[in-house]
Every structure is written in structure tokens, then in C-alpha cells.
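*Asks:* everything below, folded, please.
(chains A and B)
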Amino acid sequence: MLPDAERLCEALAESLRPGLDHETALVGIHTGGVWVAERLHAALGLKTPLGRLDVSFYRDDFGRSGLHPQLKSSDIPFDVEDRPIIIVDDVLYTGRTIRAAMNEIFDYGRPARIDLAVLVDRGGRELPVCPRWAAQTLQIEPAKNLQLERSEAGTLTLRLIDA
Amino acid sequence: MRNPQLDKNGGLQHLLTIDGLPREILNAILDNAAPFTEVAEREVKKLPLLRGKSVFNLFFESSTRTRTTFEIAAKRLSADVINLNIGTSSTSKGETLLDTVDNLCAMQADMFVVRHASSGAPFLIAQHLAAMKLEHIHVINAGDGRHAHPTQGLLDMYTIRHYKQRFDNLVVAIVGDVLHSRVARSQIHALTALGVPEVRVIGPKTLLPSDIDKLGVRVFHDMRAGLKDADVVMMLRLQNERMKGALLPSPQEFFKSYGLTADKLQHARPDAIVMHPGPMNRGVEIDSAVADGPHAVILPQVTFGIAVRMAVMSMLAGA
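*Replies:* Predicted coordinates:
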């Protein structure tokens, strides 16, 4: 039985709240991370507009699998220089996406710090990446994909599918 | 026979001509180009997609804008770019095209961007690479003879989509020296493939190919009639260097009949956009008042050209 994604969003927002200052910016990673970041942004009432990253241009598997279909534009609508940034993703697995996201952020400027907040940490890291906040930790076998889905009504749910 | 531009999975292997490319691939290139436009707004205008790759610009014919935008596109993708102006090097010493290519392959080339005065030269190189089993090397046609200039055609489509959002309700007029223009051929193939319902060509009989209507375009010799209610006006450069014989009385005479002036442009729709692939001959095919006026999107075309070329290069390199 997978945890309720909506509850996890609420819990994640509450754990982020004490560490925020008024300069803090959230950056969601397309697509699931953006959904979570939108929830957090609204729940925390942040003034800095939400950033969105499509890390396809920075992925380390481009040489093997080429450009991902359905590229989205990255959008960082604030000055990165000296700003505390929280990267938001739905599921943390190998850590490669986070590596790509950090590389991309540095092409916009030098942030004061970068933290990582995820809905679920499923283990299986291949890089030294550790989230500062994870609403839930799960052990999931490599043969499965854990995905966040959004219904037409906007409800978020976690789903386990065969990889 | 397989389309020589596509690999066995139907992905883009080379970009040689728009003729025969499926609409899905054209749309994929236009879709992929959009996120690349955003890179120009960043502090660091560089993406790592072509890191460690060597892109050779092989220009057997002079060019400033196309060569520069290809160079910028490759550099923003972190490739190493080597520019060869072959007119002034090996070929003038007698080396054949394919010998030049073989030598550059021996230098671990990953991509060739080729401009050549002979139609089919990039195709010849692509064929040669296939025969040599060098399928990891990609070729982009940057203009061959009177044949094709696919990235120009694509950046023009990107520009139209940017300003008009869709293709299926447009009247597009292509004006001027269609006979010598590889750009016009690429534009016509792209517009047709993307579903533009009415493509017109406007020009004097001497500068329109006699069988041009076979490409599915309407032919006009009177510019005012041809521009009537057009959404997009695509001007072509009068190609003096390709003129043979007396095709035109004089540039002044041409301007009088086919030069785009504010007065003639009034026949097009009020929100029409005016495009030109450059370099412009002011006072020959286009009046300065129009070239610098509110309808012109000539400089955005150049900017979009970088993003479109980045998208094409990334799609080839990732294939």
C-alpha cells in the first residue's frame, strides 16, 4: 500500500516551513516535481515566483538515449545569484536528475545554497545526493518504477509500475 | 529505398532536405527548438549536449549569417567547432570533396555542416559516410546549389508558428527570384508538409521555374494580386551572382514591379508578417521602410535560427 501523495505534500510543506527565509525560492523538476512544488509554493505562501526546470539538456544519458521527447522550457523567473534555493522533486532514486538540476541552476548564477526536498526517497542512490527533507522513505526494488500521477481534477497519487 | 536522411528507426540521421521529411519530424524539430530559445536569456548560454563532439563547418561557398549561426548553435551546445573555408584551401589545390571528407573523418569529426554551390553535395557526403560505415557521423545541409536550405526553411516555419500559432489557416506568399532560390524550395516543401492551405509564388516569368505549379503553389505575376489577404510575406533575395543571361532589365525595374513597399504591403492582411532570409538588397527586393517597419520579423528570424539549429544538431547527435 503506497502512502497518500496529498498527505505527503502537506507534511512536506510543514517540515519546510521553519527553515524558510523570505528570499527562498522553490524550483520544481518537470513533471512530477513541478506538481509538488506548486503545492508547496501555495501552502507556504512564498513571495518568490516558482521556478521550473526541464533537466533534459543536462542529463547524463543523452549520449545513449538522445533528446527526450516532449521537452519543456526551463523557467527561472528570479535572480539566482546569492539566493537560497530548494529543489523539489517527486521521487528521489539514483540522484542523477538532481545532479543535472544543480548543474543547470549554476548556469543561471551562483546560489547562496541549494537544498533538496522530495515527496518520496526510494533508495538506490548512484551519486552522493542526500535530501534535506523527504516526506516518506520507501524501499522499492529496482524492477519497479515509482511515479507520481495527476488526475484531471488535479489530485496527486503515487503509482508503482513495472520498469 | 529508405529515405537517406532517416535511420533504421525512422529518426533523423542527416538533415539534407525538407522534401520527403514526415510532418511528425518537422513538428518535432519545431517543438524541440522552443526550449532552446530560452538558453539565450541565461547568464551562461551553454548546454552540455554536444560536449566532446567536433563539428566541422564546411563552407565551399561564402556565407556570413548561416555559418555564424551554425557556429553559435554548436558552441552553445558545447561542441568544438572547426570552420573551413574550402574555397581558399585544399580544393583549390585539387583535392576532391570526398578526399577532404575522409581526411576530416580521420580527425574524428562527428558532424559536418555543408554549404556547396553544387546541388546534391551534402547528399553525396552522406552516401559516402554510409558506404564507409561511418553512421555515427551526421551531415547537415547548409545550402546546396539551387536545391535546398533546410535549416532556413525550418527557422522560417518556426518564425511563422511563433507569430501565427498555426499553419492550417494561412495564406503565404513567396516573392521574387524563386528560380535561383534553394530557400524558396525548402520553404514550399515545409509549408506544404505542415498543412498551409494556400502557398503563392510571385515573380516575373523569367525568375519562376516553369513547372513550379507542380509543387502545389499558385503562381502570380502581378504582385498586388498575389499579396491580397496574405498572412505571411516571404521575400527572397535577388541573386545577382547566380544570374546568367538577361533575366531582368535592371534592379530598378525589378523593384518597381516586385520590390516590397508599404504601398504594396497594404494589399496583405493588416497583421501580416514580412520575412527575409538575408542578406537584404534594400531598394531592390525590399524597401527600407518595410524592412525596418512594424511588419518585419527579419531579425527575430536570425535569433530563432540559432535555436532551430541547436535543436537539429541535438536531435542528430542524440540519434
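*Asks:* which of the helices and strands in chain A ranks last by mean pLDDT?
*Replies:* Here the helix or strand of chain A ranked lowest by mean pLDDT, DSSP states H and E is helix A:62-65, holding a mean of 84.
*Asks:* report the contact partners of B:Asp177.
*Replies:* The contact partners of B:Asp177, taken as Cβ atoms under 8 Å, 6 or more residues apart in numbering or on different chains, are B:Gly203, B:Leu207, B:Leu236, B:Arg237, B:Leu238, B:Gln239, B:Glu285. In this view, the C-beta of every residue, glycine as well, is placed from N, C-alpha and C.
*Asks:* let's go with 6 Å and repeat that
*Replies:* B:Leu207, B:Leu236, B:Leu238, B:Gln239 (Cβ atoms under 6 Å, 6 or more residues apart in numbering or on different chains).
*Asks:* swap in B:Glu61?
*Replies:* So B:Glu61 contacts B:Arg115, B:Ala117 (Cβ under 6 Å, 6+ apart).
*Asks:* helix/strand/coil for it?
*Replies:* Following DSSP: H, G, I helix; E, B strand; the rest coil, we place B:Glu61 in the coil state.
*Asks:* the closest residue to chain B within chain A: neighbour count?
*Replies:* Here chain A gets closest to chain B at one residue, A:Gly66, 2.9 Å apart by Cβ to the nearest Cβ. Neighbours of A:Gly66 under the rule other Cβ atoms under 10 Å in any protein chain shown: 18.
*Asks:* which residue packs closest to the most centrally placed residue in chain A, ignoring adjacent ones?
*Replies:* In chain A, the centroid-proximal residue (Cα atoms, centre = their mean) is A:Asp89; its distance is 1.5 Å. What sits nearest to A:Asp89 in space, not counting adjacent residues and going by Cβ to Cβ, 6 or more residues apart in numbering or on different chains, is A:Gly33, at 3.9 Å.
*Asks:* tell me the buried residues in the helix or strand where that neighbour lies?
*Replies:* Per DSSP states H and E: A:Gly33 is located in helix A:32-44. Buried residues in helix A:32-44, counted by 16 or more other Cβ atoms under 10 Å in any protein chain shown: A:Gly32, A:Gly33, A:Val34, A:Trp35, A:Val36, A:Ala37, A:Glu38, A:Arg39, A:Leu40, A:His41, A:Leu44.
*Asks:* then stretch B:108-125?
*Replies:* B:109-116, B:120-125.
*Asks:* could you do stretch A:72-92 as well?
*Replies:* Buried residues in stretch A:72-92, counted by 16+ other Cβ under 10 Å: A:72, A:74-76, A:78, A:80, A:83-92.
*Asks:* contacts for that stretch next, please.
*Replies:* A:23-30, A:32-33, A:36-37, A:48-49, A:51-54, A:101, A:108-122, A:131, A:146, A:148, B:35, B:38.
*Asks:* returning to what we had before: so what's the residue nearest to A:Asp89 scoring on pLDDT?
*Replies:* On the pLDDT scale, A:Gly33 is placed at 97.
*Asks:* kindly report the same for B:Lys244.
*Replies:* On pLDDT, B:Lys244 comes in at 64.
*Asks:* repeat for B:Thr88
*Replies:* Note for B:Thr88: predicted pLDDT of 59.
*Asks:* quick one: contacts for the spatially closest residue to A:Pro131 that is not a sequence neighbour?
*Replies:* Take A:Pro131 and drop its neighbours on the chain: the residue closest to it by Cβ to Cβ, 6+ apart is A:Leu116, 4.4 Å away. A:Leu116 is in contact with A:Ile87, A:Pro131, A:Arg132, counting by Cβ under 6 Å, 6+ apart.
*Asks:* so which of those are in strands?
*Replies:* Among these, DSSP state E puts A:Ile87 in strands.
*Asks:* now the contacts of A:Leu116 as CSV including pLDDT?
*Replies:* Formatted as CSV, the contacts of A:Leu116 follow (pLDDT from 0 to 100):
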residue, pLDDT
A:Ile87, 98
A:Pro131, 98
A:Arg132, 97
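*Asks:* quick one: which of the contacts of A:Leu116 is nearest to B:Ile137?
*Replies:* When the contacts of A:Leu116 are ranked by distance to B:Ile137 (Cβ to Cβ), A:Ile87 comes first, at 37.4 Å.
*Asks:* tell me what that closest one is bridged to.
*Replies:* A:Val27, A:Leu116 (DSSP bridges).
*Asks:* near chain B, which residues of chain A?
*Replies:* By the rule Cβ under 6 Å from any Cβ of the partner chain, the part of chain A lying against chain B is A:Phe57, A:Phe62, A:Gly66, A:Leu67, A:Leu71, A:Ser73, A:Asp107, A:Tyr108, A:Gly109.
*Asks:* select from those residues the one having the most neighbours.
*Replies:* Neighbour max across those (other Cβ under 10 Å) = A:Phe57, 25 neighbours.
*Asks:* wait, it touches B:Lys45, no?
*Replies:* No. Applying Cβ atoms under 6 Å, one finds A:Phe57 not in contact with B:Lys45, separated by 12.0 Å.
*Asks:* SS state for B:Leu98?
*Replies:* The three-state label given to B:Leu98 by three-state DSSP is helix.
*Asks:* what is the burial count for it?
*Replies:* When neighbours are defined as other Cβ under 10 Å, B:Leu98 has 15 of them.
*Asks:* quick one: residues contacting it.
*Replies:* B:His128.
*Asks:* what about it, distance to chain A?
*Replies:* According to Cβ to the nearest Cβ, to the nearest Å, B:Leu98 stands 28 Å off from chain A.
*Asks:* list the buried residues of stretch B:252-262.
*Replies:* By neighbour count on 16+ other Cβ under 10 Å, the buried set for stretch B:252-262 is B:Phe254, B:Phe255, B:Tyr258, B:Gly259, B:Leu260.
*Asks:* quick one: the helices in the chain?
*Replies:* The chain I'm using is chain A. A:5-16, A:32-44, A:62-65, A:96-106 (DSSP state H).
*Asks:* right idea, wrong chain: chain B
*Replies:* Under DSSP H, chain B gives helices at B:23-37, B:65-76, B:97-105, B:121-131, B:150-164, B:182-193, B:223-227, B:251-258, B:262-265, B:288-291, B:298-317.
*Asks:* by contact count, what packs against the fifth one?
*Replies:* Okay, so that is helix B:150-164. Contacts defined by 3 or more Cβ pairs under 6 Å, 6 or more residues apart in numbering or on different chains; DSSP states H and E place helix B:150-164 against helix B:23-37, helix B:182-193, helix B:298-317.
*Asks:* identify whichever of these lies nearest to chain A.
*Replies:* Using Cβ to the nearest Cβ, these put helix B:23-37 closest to chain A, at 4.3 Å.
*Asks:* count of neighbours near B:Pro277?
*Replies:* Neighbour tally, B:Pro277, other Cβ under 10 Å: 27.
*Asks:* which ones are touching it?
*Replies:* B:Gln152, B:Val183.
*Asks:* ends of stretch A:136-146, what's the gap?
*Replies:* 13 Å (Cα to Cα, to the nearest Å).
*Asks:* flag the shaky bits of the chain, pLDDT-wise.
*Replies:* Reading this off chain A. Under the criterion pLDDT under 70, no range of chain A is flagged.
*Asks:* the intended chain is chain B.
*Replies:* If you take pLDDT under 70 as the line, chain B has these spans: B:1, B:87-92, B:242-246, B:319.
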